[in-house]
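Chemist: One predicted model, sequence on top.
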Amino acid sequence: MEKICTLDEFNHRIKKVVITKEEIEEAIQRAGKEISDSYDGRPILLVSILKGAFVFMADLCRAITVPCEIGFMCAKSYYSGTKSSGVVKITMDLDQDLSNYHVIIVEDIVDTGRTLRDIVKLLKARNPLSLRVVTLLDKPDRRLVDFKADIALFTIPDFFVIGYGLDCAEYFRNLPYIAEYNPE
Ligand code: PRP
């Protein structure tokens, strides 16, 4: 995709809103309560997978009412546009010793499942007290490997989505809602 130079083109690429800001907020409050209830008093580490999950992480951690720490990893599989490269590369790793924590991976979307399959395998090998995955979006129709998140806030059909952290060629992460991308 070429660089977006005008506001008109930016807006033209946003086909339609599929999950509103209010629906996201409501679902995050529910997930925050569920997590707070199940980990009450135990050491939690929330691990956000950058870049896509940065907005979800910021809102989810504020919906969690028990003590928790945060950490970040950077994984990349879509190098440009809307097609997956099929190769997951870890470009930034955690600095915590996971053996002291109940780890919750915070992800924006499970698509083919490759990113989380690889990250879960990597983090399990570091012997956390427990490991769970929460994802904002789940696109089961696109799955190429066997993977299921413990908590998925929304299940969506197979179309390319942008906003609330999700990009197309690095744009649209700043939209406060999830929208369908218009490729034309
Ligand atoms: C996206 C998304 C997930 C991954 C899901 O990340 O944030 O991490 O793809 O796809 P998968 O289930 O097919 O592996 P991306 O590689 O686009 O990087 P980004 O988070 O920096 O946008």
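Modeler: The structure has been received and is ready for your questions. Residues are numbered from 1 along each chain as shown.

Chemist: Which secondary structure state is assigned to V66?
Modeler: Recorded secondary structure, V66: coil (DSSP: H, G, I helix; E, B strand; the rest coil).

Chemist: And it, how far from I105?
Modeler: Taking C-beta to C-beta, to the nearest Å as the criterion, V66 is separated from I105 by 17 Å. The C-beta positions use only the backbone N, C-alpha and C, and glycine is treated the same way.

Chemist: before we move on, what about K124?
Modeler: 11 Å.

Chemist: Repeat that for L98.
Modeler: In terms of C-beta to C-beta, L98 sits 11 Å off from I105.

Chemist: from what I can see D167 touches A53, true?
Modeler: No - D167 is beyond contact range of A53, at 11.7 Å (criterion: C-beta atoms under 8 Å).

Chemist: Compare these two and say which one has the larger neighbour count.
Modeler: For D167 versus A53, the count of surrounding residues by other C-beta atoms under 10 Å is larger for A53: 27 against 17.

Chemist: Check the contact between the more buried one and E107; I expect there is one.
Modeler: Yes - using C-beta under 8 Å, A53 makes contact with E107 at a distance of 5.3 Å.

Chemist: Now do the shared contacts for these two.
Modeler: L136 (C-beta atoms under 8 Å, 6 or more residues apart in numbering).

Chemist: Mind listing the shared neighbours of L98 and I105?
Modeler: What both L98 and I105 touch, as defined by C-beta under 8 Å, 6+ apart, is the set L123.

Chemist: neighbour-wise, which of these two wins?
Modeler: Ranked by neighbour count (other C-beta under 10 Å), L98 and I105 place I105 first, with 24 against 19.

Chemist: and the spatially closest residue to the more buried one that is not a sequence neighbour, how far is that from E180?
Modeler: Nearest residue to I105 in three dimensions, chain neighbours excluded: V133, at 4.6 Å (C-beta to C-beta, 6 or more residues apart in numbering). As judged by C-beta to C-beta, V133 and E180 stand 25 Å apart.

Chemist: Done for today, thanks.
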